[in-house]
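# Build me a model:
(one chain, ligands or ions: 1)
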Amino acid sequence: MAQYARSPAVAVIRLRNPPVNTLSFAVLQALEDGLEKADADPSVKAVMICGENGKFSAGADIRGFSSPNRPVKSLAALVSLIESSKKPVVAAIEGIALGGGLEVALGCHYRVAHVKARMGLPEVTLGLLPGAEGTQRLPRLIGVPAALDMITTGKHIPATEALKLGLVDEVVEENTVEAAIRLANKVIGQPLGPRRLSLKPVPKLPDMEAFLSQARVRVKKQAQGCLAPELCFQAVRAATQMPFADGVRRERELFMVLLSSGQARALQYAFLAERAAQKWTTPGGASWSSATPQPVRSAAVIGLGTMGRGIVTSLVKANIPVVALEQDLEYLNTGRKAVMLLLEREAMKMEVGAQTLDFHNPARLQFTVDFDSLRDVDLVIEAVFENMALKKEIFHKLSRICKPGALLCTNTSALNIDEIASATSRPQQVIGTHFFSPAHVMRLLEIIYGRHTSPTAIATAVQLAKALKKVGVVVGNCFGFVGNRMMFPYVQQAVFLLEEGSRPEAVDRVLEDFGFKIGPFRMSDLAGLDVGWRSRQGQGLTGPSVPAGTPARQRQGQRYSPLPDLLCESGRFGQKTGKGWYQYEKAGGRTATPDPWLHSLLAQYRDTHGIEPRFIDQEEILERCLFSLINEGFAILAEGIASGPEHLDVIYINGYGWPKHKGGPMFYASTVGLPRVLAKLHKYSEAHPDVPGLQPSAFLKKLAAVGNPPIKEWMSYLSQQSSRL
Ligand SMILES: C/C=C(\C)C(=O)SCCNC(=O)CCNC(=O)[C@H](O)C(C)(C)COP(=O)(O)OP(=O)(O)OC[C@H]1O[C@@H](n2cnc3c(N)ncnc32)[C@H](O)[C@@H]1OP(=O)(O)O
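Next comes the predicted model:
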């Protein structure tokens, strides 16, 4: 709602809809009523609009876009109503003015912002455009280049930058509301025409056409398959070509195209899924709502390989003092140099000096080979390579050295957290923190609780993720956890497709066209084929521990492809060796080219094993890879390893390059339709009965049997099932 008050001659309208003052129907109605009241009252000479609780407004309610009663049209009408007011209207922007919130402020004649406020038009990130005339007003206020940048990227800008751009008239450090009332009193009686953005011309550029065509290329490149950036561009271009009213009509048409697109639904789901994933629960009854995190005032990182370096960098950026430990001085010095380089680069990117991050200060970042230096830290992240014996040895040591209460985290992508915890005397404080490479860049942090992990430990790890500006997703302990466990069948299908007749470049192209940043074979070359090889050796799937007489293409009664092992045996580990599924210009090269050697290896392999190659179309490639991944997702949900499908989707969007505008694998399955996913899995598993990953999971079957229930209802079917058992 909006609250109306008076500050002698100035009417004060306060937007009130906690927690972020979204513009619900009720808020818009109350705002309109407030404006009418102010207009009708002759003693009111000016109006000031502000938000409750130190926040102006986060814009339209994202949960309301799918509602047929969404208030977008009335928002545009209201912004026009504000602008046409005969009494000056001043916006007092504290905290945030985003989306429709900023559009309301653009309708005001003046804007005052608190120095800590942020402003933006993030609609593009939700698959939309600023549909309350924002694409037409903003270029008139700050010029086309700056407006296009804000509208097509959705970035939030700080108040100081907004002042430089002319987006706000004043930035204050103290009371924004008082400053806005002061300004309102000052401008009473001044002409409003020049302050009405709809009446202003769009500032000219020396060569607008050339600017727009270059900008369009840039926008297309950044869009990566997303429709909204291009349509945002078209709406801003309309502002440069048409009078305001026509531009508004064009904006409306483009908005309707986006609103009805599947991409907008997927992106809005992704926004809400990220928030839903913060609300973790465990089958044991622990929950985000009752667990309290411990403060993390200092941390240690063990191991300064690629992952450890990134983790140290993340902690320093989050202002958490770090002790970085290596096994000997040689490794320590190499690690130290690499970390310093990363931090210098980060300081440059953040446009702050080394002194701001303060990483030359040993009180902030200390390098050591002495385990005793870990005695007082609040949290340790072990990031040595994936070797259970080594990890257990380290955790045993930590359990003796670290202070009581210190959280002991292991950075692992698959190893059993309970087994690692068993090496300590405090398994309740042991937790898995699976960072993604590069750890200072990737947003995802998979947080894995073991059998004994305490709710406090989980809450502390979630809090740490927030401090590191990452998305922490809490999951249970199983081989590969959630992300890699779903990835195994996907990669497995890709390799089976090669056996049956396809090529790495054909499979990659289909999945990259779908929207993955890189396909499974390019990804495998980038990560290094030796990583999986070592893991398969450890599981006894390949190498000397495989019993004599085991068929080459079978393990544990199921089809197995030894192709990746064959590549590793010939020293083809991917980019690092210059050869893998592709060939590269040199060892460490990045440009993948299809490799005739590999093509003849595939032909020879098929001959040896009597496989008749066949043409495999794009549909089969896509469905076998994606549906097997999704199928595993259903098994994970049924086992209680994750609290809901949103968690899986957040993991895939933030850690595995899943295209956000397709909402994550489980959301995608819901858009394809669960009965269709099931029918396709049946078809492929019948054609390839011994290929793992294609047998539909029981939970998928159960959901498909009731049709295609909305994704938010899926988990309720699971509890119905359990309660009957
Ligand atoms: C046409 C389209 C128009 C006119 C629009 O306005 S589209 C909406 C444009 N606005 C946005 O995209 C803003 C989205 N929100 C954010 O970026 C952030 O939430 C925030 C910067 C406003 C606050 O961030 P933070 O402090 O980290 O808190 P949370 O992100 O956890 O949010 C707190 C709760 O508020 C809910 N929320 C936030 N914004 C919206 C919104 N626009 N609509 C509905 N709900 C919103 C968010 O979901 C959190 O609620 P819970 O999930 O915890 O219940």
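# Can you get me the start-to-end distance on stretch 195-208?
24 Å (CA to CA, to the nearest Å).
# how far out from the middle of the chain is that stretch?
36 Å (CA atoms, centre = their mean, to the nearest Å).
# pLDDT averaged over that stretch, what's the number?
Averaging pLDDT along stretch 195-208 gives 97.
# Could you list the domains of this protein?
2-259, 299-475, 502-608, 618-722 (automatic domain parsing).
# For the ligand, which of these is the nearest?
Closest to the ligand of those is domain 2-259 (CB to the nearest ligand atom; 2.5 Å). For every residue, glycine as well, the C-beta is placed using N, CA and C.
# coming back round to it: I'd like the domains of the chain as CSV, with mean neighbour count and distance to the ligand appended.
Output for the domains of the chain, formatted as CSV (neighbours: other CB atoms under 10 Å; distance: least, CB to the nearest ligand atom, whole Å):
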stretch, mean neighbour count, distance to the ligand
domain 2-259, 20, 2
domain 299-475, 19, 9
domain 502-608, 17, 21
domain 618-722, 20, 11
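# quick one: contacts for the nearest residue to residue 611 once chain neighbours are set aside?
Computed as CB to CB, 6 or more residues apart in numbering, the closest residue to residue 611 that is not its neighbour in sequence is residue 499, at 6.0 Å. By CB atoms under 8 Å, 6 or more residues apart in numbering, residue 499 lies in contact with 561, 563, 602, 605-606, 609, 611.
# Report pLDDT for residue 499.
Confidence for residue 499, expressed as pLDDT, is 97.
# avg pLDDT for the helix or strand residue 90 falls within?
Per DSSP states H and E, residue 90 falls inside strand 89-93. When pLDDT is averaged along strand 89-93, the result is 98.
# From the rest of the structure, what touches the following helix or strand past it?
Where DSSP H and E defines the elements, the next helix or strand beyond strand 89-93 is strand 96-98. Strand 96-98 has contacts (CB under 8 Å, 6+ apart) with 20, 55-59, 91, 104-105, 113, 117-122, 156.
# Residue 136 reaches residue 198, doesn't it?
Yes - look at residue 136 against residue 198 with CB atoms under 8 Å: they come within range, at 7.2 Å.
# list residues touching both of the two?
Joint contacts of residue 136 and residue 198 (CB under 8 Å, 6+ apart) are residue 244.
# all helices of the stretch 101-250 of the chain, in order?
For the stretch 101-250 of the chain, the helices defined by DSSP state H, counting those that start in this stretch cover 134-142, 144-153, 159-165, 176-187, 208-223, 228-241, 244-259.
# what about the fifth one, distance to the chain center?
Read it as helix 208-223. That offset, for helix 208-223, works out to 25 Å (CA atoms, centre = their mean).
# Next: the first one.
Here helix 134-142 is found 29 Å from its chain centre; the criterion is CA atoms, centre = their mean.
# packing partners for it?
Applying 3 or more CB pairs under 8 Å, 6 or more residues apart in numbering; DSSP states H and E, we find helix 134-142 packed against helix 100-107, helix 144-153, helix 228-241, helix 244-259.
# so where's the stretch 401-550 of the chain shaky on pLDDT?
By pLDDT under 70, the stretch 401-550 of the chain has no low-scoring segment.
# what distance separates the start and the end of stretch 573-593?
With CA to CA as the measure, stretch 573-593 spans 15 Å from end to end.
# Run through who's touching that stretch.
Contacts for stretch 573-593 (CB under 8 Å, 6+ apart): 504-505, 521-522, 524-530, 567, 571-572, 594-595, 597-598.
# Just those residues: which are in helices?
Of the contacts of stretch 573-593, the ones assigned to helices by DSSP state H are 504-505, 521-522, 524-527, 529-530, 567, 597-598.
# ok so, going back, let me have the helices and strands packed on helix 134-142 in CSV, extended by mean pLDDT.
Formatted as CSV, the helices and strands packed on helix 134-142 follow (pLDDT from 0 to 100):
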stretch, mean pLDDT
helix 100-107, 98
helix 144-153, 98
helix 228-241, 98
helix 244-259, 97
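# Which among these is found nearest to residue 491?
Nearest to residue 491 among the helices and strands packed on helix 134-142 is helix 228-241 (30.8 Å), distances taken as CB to CB.
# show me the contacts for residue 180.
Neighbour list for residue 180: 48, 50, 90-92, 110, 112 [criterion: CB under 8 Å, 6+ apart].
# One more pass at 10 Å, please.
Neighbouring residues of residue 180 by CB atoms under 10 Å, 6 or more residues apart in numbering: 7, 10, 12, 46, 48-50, 90-94, 108, 110-113, 169-170, 172.
# for the stretch 401-550 of the chain, what spans make up the helices?
Using DSSP H, counting those that start in this stretch, the helices of the stretch 401-550 of the chain run over 417-421, 455-467, 483-500, 504-514, 520-527, 529-538.
# Which of those helices sits closest to residue 221?
Of all the helices of the stretch 401-550 of the chain, helix 504-514 comes closest under CB to CB, at 15.0 Å.
# on contacts alone, who are the packing partners of that closest one?
helix 483-500, helix 520-527, helix 596-608, helix 618-639 (3 or more CB pairs under 10 Å, 6 or more residues apart in numbering; DSSP states H and E).
# I'd like the distance from it to the chain centre, please.
Here the centre of helix 504-514 is set off from its chain's centre by 23 Å, with CA atoms, centre = their mean.
# quick check: angle from that helix to helix 483-500?
130 degrees (axes from the mean of the first three to the mean of the last three CA atoms, to 10 degrees).
# what's next to stretch 213-226, contact-wise?
Against stretch 213-226 from outside (CB under 10 Å, 6+ apart): 124-125, 127, 144-145, 148-149, 151-153, 207, 229-234, 236-237, 261, 263, 266-267, 512-515, 517, 659-662.
# avg pLDDT for it?
The model assigns stretch 213-226 a mean pLDDT of 94.
# Equivalent analysis for stretch 325-335, please.
On average, stretch 325-335 scores 96.
# So that it lines up with my notes, have the first residue be 35 from now on.
Sounds good: first residue 35 from here, last item stretch 359-369.
# So what touches it?
Identification of contacts with stretch 359-369 by CB under 10 Å, 6+ apart yields 334-339, 342-343, 346, 358, 370, 400-405, 407-408, 414, 416, 418, 424, 428.
# if you set the cut-off to 8 Å instead, what comes out?
Contacts of stretch 359-369 (CB under 8 Å, 6+ apart): 334-339, 342-343, 358, 401-405, 407-408.
# what are the ranges of the strands in the stretch 35-184 of the chain?
36-41, 44-49, 80-85, 123-127, 130-132, 144-148, 152-154 (DSSP state E, counting those that start in this stretch).
# With the stretch 585-734 of the chain instead?
588-589, 592-593.
# Adding mean pLDDT, write those out as TSV.
As requested, the strands of the stretch 585-734 of the chain are exported to TSV (pLDDT from 0 to 100):
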stretch	mean pLDDT
strand 588-589	90
strand 592-593	90
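# What are the contacting residues of stretch 568-587?
420, 448, 567, 589, 593-596, 598-599, 643.
# Let's see that with 7 Å instead.
For stretch 568-587, contacts defined as CB atoms under 7 Å, 6 or more residues apart in numbering pick out 448, 589, 593-596, 599, 643.
# Ok, stretch 643-654 next?
Under CB under 7 Å, 6+ apart, the answer for stretch 643-654 is 531, 533-536, 544, 587, 640.
# now it, how far from the chain's geometric center?
35 Å.
# got it, and stretch 322-342?
Centroid separation for stretch 322-342 versus its chain: 20 Å, with CA atoms, centre = their mean.
# start to end distance for that stretch?
With CA to CA, one end of stretch 322-342 sits 28 Å from the other.
# model confidence over it, on average?
Mean predicted confidence for stretch 322-342 is 97.
# Please apply the same query to stretch 673-690.
In the prediction, stretch 673-690 has an average pLDDT of 97.
# Please apply the same query to stretch 202-221.
97.
# Take the strands of the stretch 35-184 of the chain and lay them out in CSV including distance to residue 74.
Converted to CSV, those look like this (distance: least, CB to CB, whole Å):
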stretch, distance to residue 74
strand 36-41, 12
strand 44-49, 10
strand 80-85, 12
strand 123-127, 15
strand 130-132, 27
strand 144-148, 22
strand 152-154, 31
